[in-house]
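With the sequence up front, the predicted model follows.
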There are 2 protein chains.
Amino acid sequence: MDSIRMTATAPKPVRSATGAVTEQLRQAIIAMEFPPGTRLSEGEIATRYDVSRQPAREALISLSKIGLVQVLPQRGTLVTKISTRHMMQVRIAREALETAIVQRACERFDPVIRSSIDAILETQERAATDGDYLTITQSDSQFHGAIAAAADCEMIWQMVLDVKAHMDRVRHLTLQDRDSMRILVRQHRAIINAIDARDPEQAEHAMRTHLLEILKDLPRVLAERADYFE
Amino acid sequence: MDSIRMTATAPKPVRSATGAVTEQLRQAIIAMEFPPGTRLSEGEIATRYDVSRQPAREALISLSKIGLVQVLPQRGTLVTKISTRHMMQVRIAREALETAIVQRACERFDPVIRSSIDAILETQERAATDGDYLTITQSDSQFHGAIAAAADCEMIWQMVLDVKAHMDRVRHLTLQDRDSMRILVRQHRAIINAIDARDPEQAEHAMRTHLLEILKDLPRVLAERADYFE
DNA sequence: TGACTTGATCTACCATACAAGTCCATACTA
DNA sequence: TAGTATGGACTTGTATGGTAGATCAAGTCA
C-alpha cells in the first residue's frame, strides 16, 4: 500500500500545523464529514485539530480560495453548498485543462512515468473487482496526476486538483457500484491507449467522455439531497 | 475613468488589510517593482504597507498559491523567477480555459454584457492610438473578463486571472509599441465577431492566435534579462 | 401592537509575543 | 592554515489577547 506513495502524485508530507489542518479539513469536507451548509469557525477547527486559532484560520482561508468554504467577514465560515451553476463551470474547466494535458501528452510523454502507470491500472483493476471505493478514488487521482506529470504539466495538475475537489465531493455522494468502477478502468485504458498511439483527437475524446461520466449522477443527487444544494 | 469600474470585471473594493496588501503587492510584483528573485519578508512588507505582520503574512501566502512568490519555511520569501517551463504551462492552461469560455460564449452570451463590450473596444481603440499602455492593459483584462461573465463562466475567469498574472509580468517587460496595441484591438474584434456569429471554431481560433501573440516576445526577454529567469 | 433601541454574544480580523529553524560571521582548535 | 564550533541576527511558524462588526433577543417607548 505504501509503494503507491512513490508515484508522481504522492503529496509531500506536511510538517506544519497549517498544512496538516488544511489537508485534513479538505478531505473531511470532500468526505461529507462536514456537509454543505455546515457552520465552521476558527476556534472550533482549532480545538478539533488541537492547534491554535492561527493555523485553523489559515487553513480556512486556503479552502476558501478553492471554494470549499465561504468566509463571511465578522459573521462566520460555512461549507459551501453545491451549486449546479458552479459545477457546470467546474466541469468545463477540468475538461479544458485535462484535454489540454492529454493533447500535450501525445507530443511529449516521459517513458519512466509511463511505465509506472501500468501498475496503477492494475491496482484499479483489482479495486474494481473488489469494489474497493477508497483505493479506486486514490488511484484515480494518481492516474490523472501521472499523465500530467509525464506530459510535464504539473503546474496545470495543481489547478486540476482544486477543481477536482468539487467533483470528488459530488462523487462521494453517488454510491459507486462495481459496474461504474469497471467503466472507469476501461475509460482509463482508452485514454492511455490513445496517448500510446500518439493520437490527440482520440485522447481528447477519451478524456472528455471519461470526465463526463463522473457527473452523470448529479441530477439524481440534486433530487435526493436538495438541502446540499443552493 | 471611474465608469469602467461598473463593468463585470471590476473587483469589489477590499476593505480588509489583508486584501489591500495582497492586491497592492500583486500589482507591484507584476509591475516589476519587485523583480524576480527579490527577497521579501513578512516584516518588511508589514512596515512597507503599515500593517502588522499577520496581514502581510497572509498576503504572501495568497501570492504563493498563485505562484508569484515562493515561501521557504524558516528561510524567507522571494519573488519567483520566470521559468520558460512554467510559462509554457501557463500558456497552455490559459489557452485551454479561455478557448473553452469562448466556445461556451457561442452557445450562451448575455446580451446586456455584450452591449457593454463595444464601449471597452472603443476605449482600447483610443488607447492604442494614444499609446496608453496602462489603459490598454486594464481594458484588455476587462474585455476578457466581460466575455467570461457573459458566458456565465465567472468562476473560470478567476482561474484565468491567476495564470494571467504570470503573463502580465512578462508582458510588462516587453515595451508595447502602438503597432502591437493595434494588433491587440484587431484580434479582440475578431474574437467578438466570431462570438456574434456563433462560430465556435472561429472564436477558438481567434482566441488562440490572440493569446499566442502575448508571449511571442518571451525569447527576446529571456535573452536580454537572463537574471529574471531560472 | 409594532417599530425601535439596547446590550449580550457570537464572529473573523488584527496586533503582538513567543518559539523554532536557518544562515553566517567570528572565534576557537587541531 | 583548515576545519569546526558557537553565538547572534535573521527568517517563518505558532499562540494568544484584544478589537470592530454582525446578529439576535429582550426590553422600551410610541
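Happy to help now that I have it. Numbers count the residues shown, from 1 in each chain, chains lettered A, B, ... in the order given.

Relative to A:Asp140, how far out is the spatially most central residue of chain A?
Centre of chain A computed as the mean C-alpha position; nearest residue by CA atoms, centre = their mean is A:Lys164, 3.7 Å away. If you measure A:Lys164 against A:Asp140 using CB to CB, to the nearest Å, the figure is 10 Å. (Each C-beta comes from the backbone N, C-alpha and C, glycine too.)

With A:His172 instead?
The span separating A:His172 from A:Asp140 equals 12 Å under the rule CB to CB.

who's more crowded, these two?
It is A:Asp140, of A:His172 and A:Asp140, that has more neighbours when counted by other CB atoms under 10 Å in any protein chain shown, with 22 against 16.

what residues does chain A put near DNA strand D?
Residues of chain A found near DNA strand D (CB under 7 Å from any atom of the strand) are A:16-18, A:51-55, A:73-75.

helix/strand/coil for the residue lying farthest from the centre of chain A?
Outermost residue of chain A with respect to the C-alpha centroid, by CA atoms, centre = their mean, is A:Gln74; its distance is 30.8 Å. The three-state label for A:Gln74, taken from DSSP: H, G, I helix; E, B strand; the rest coil, comes out as coil.

Now do the buried residues in stretch A:141-153.
Along stretch A:141-153, the positions that meet the burial threshold by neighbour count (16 or more other CB atoms under 10 Å in any protein chain shown) are A:141-153.

go on, stretch A:46-55?
A:46, A:49, A:51, A:55.

And stretch A:51-69, by the same measure?
Along stretch A:51-69, these residues count as buried under the neighbour rule (16+ other CB under 10 Å): A:51, A:55-63, A:65-69.

Farthest pair within the residues you listed?
The two members of these with the most space between them (CB to CB) are A:Val51 and A:Gly67, at 23.2 Å.

pretty sure A:Gln24 contacts A:Tyr49?
Yes - counting by CB atoms under 8 Å, A:Gln24 does reach A:Tyr49; the two are 6.5 Å apart.

just to revisit the earlier point, narrow the buried residues of stretch A:51-69 to those in helices?
Using DSSP state H, the subset of these located in helices is A:55-63, A:65-66.

Let me know whether the helix ranked longest in chain A sits next to chain B.
Ordering each helix of chain A by length in residues (DSSP H) puts helix A:84-105 first. Yes - remark: helix A:84-105 sits within contact range of chain B at A:85-86, A:88-90, A:92-93, A:95-97, A:99-100, A:104, by CB under 8 Å from any CB of the partner chain.

Buried only: go through those for me.
Listed as buried from the residues of helix A:84-105 next to chain B are A:86, A:88-90, A:92-93, A:95-97, A:99-100, A:104; burial here means 16+ other CB under 10 Å.

Convert the C-alpha atoms of stretch A:197-214 to CSV, please.
In CSV, the C-alpha atoms belonging to stretch A:197-214 read as follows (Å, rounded to 0.1, in the frame of the first residue of the first chain):
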residue,chain,number,x,y,z
ALA,A,197,-0.7,5.7,-30.1
ARG,A,198,0.0,9.5,-30.1
ASP,A,199,-3.5,10.2,-31.3
PRO,A,200,-4.5,13.6,-29.9
GLU,A,201,-8.1,13.5,-31.2
GLN,A,202,-8.7,10.1,-29.8
ALA,A,203,-7.0,11.0,-26.5
GLU,A,204,-9.1,14.2,-26.1
HIS,A,205,-12.3,12.3,-26.9
ALA,A,206,-11.5,9.5,-24.4
MET,A,207,-10.7,12.0,-21.7
ARG,A,208,-13.8,14.0,-22.4
THR,A,209,-16.2,11.0,-22.2
HIS,A,210,-14.4,9.9,-19.0
LEU,A,211,-14.9,13.2,-17.3
LEU,A,212,-18.5,13.4,-18.5
GLU,A,213,-19.2,10.1,-16.8
ILE,A,214,-18.2,11.4,-13.4
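
per-residue confidence averaged over stretch A:129-148?
Averaging pLDDT along stretch A:129-148 yields 95.

can you give me how far it is from the chain middle?
10 Å (CA atoms, centre = their mean, to the nearest Å).

who touches that stretch?
The list of residues contacting stretch A:129-148 from outside it, by CB atoms under 8 Å, 6 or more residues apart in numbering or on different chains, reads A:4, A:7-9, A:98, A:101-102, A:105, A:113, A:116-117, A:120-121, A:123-124, A:126-128, A:154, A:156-157, A:160-161, A:164, A:168, A:171, A:176-178, A:181-182, A:184, A:188, A:191-192, A:195.

Roughly how far does the closest residue to the residue nearest to the centre of chain A other than its chain neighbours sit from chain B?
In this structure, A:Lys164 finds its nearest non-sequential neighbour in A:Arg94, 6.5 Å apart by CB to CB, 6 or more residues apart in numbering or on different chains. Separation of A:Arg94 from chain B (CB to the nearest CB, to the nearest Å) stands at 10 Å.

neighbours around A:Arg94, how many?
The local packing count at A:Arg94 equals 22, with neighbours defined by other CB under 10 Å.

give me every residue that touches it.
Neighbour list for A:Arg94: A:160, A:163-164, A:167, A:211 [criterion: CB under 8 Å, 6+ apart].

rewinding a little: of the ones in helices among the buried residues of stretch A:51-69, list those near chain B.
The subset of these lying close to chain B, counting by CB under 8 Å from any CB, consists of A:58, A:61-62, A:65.
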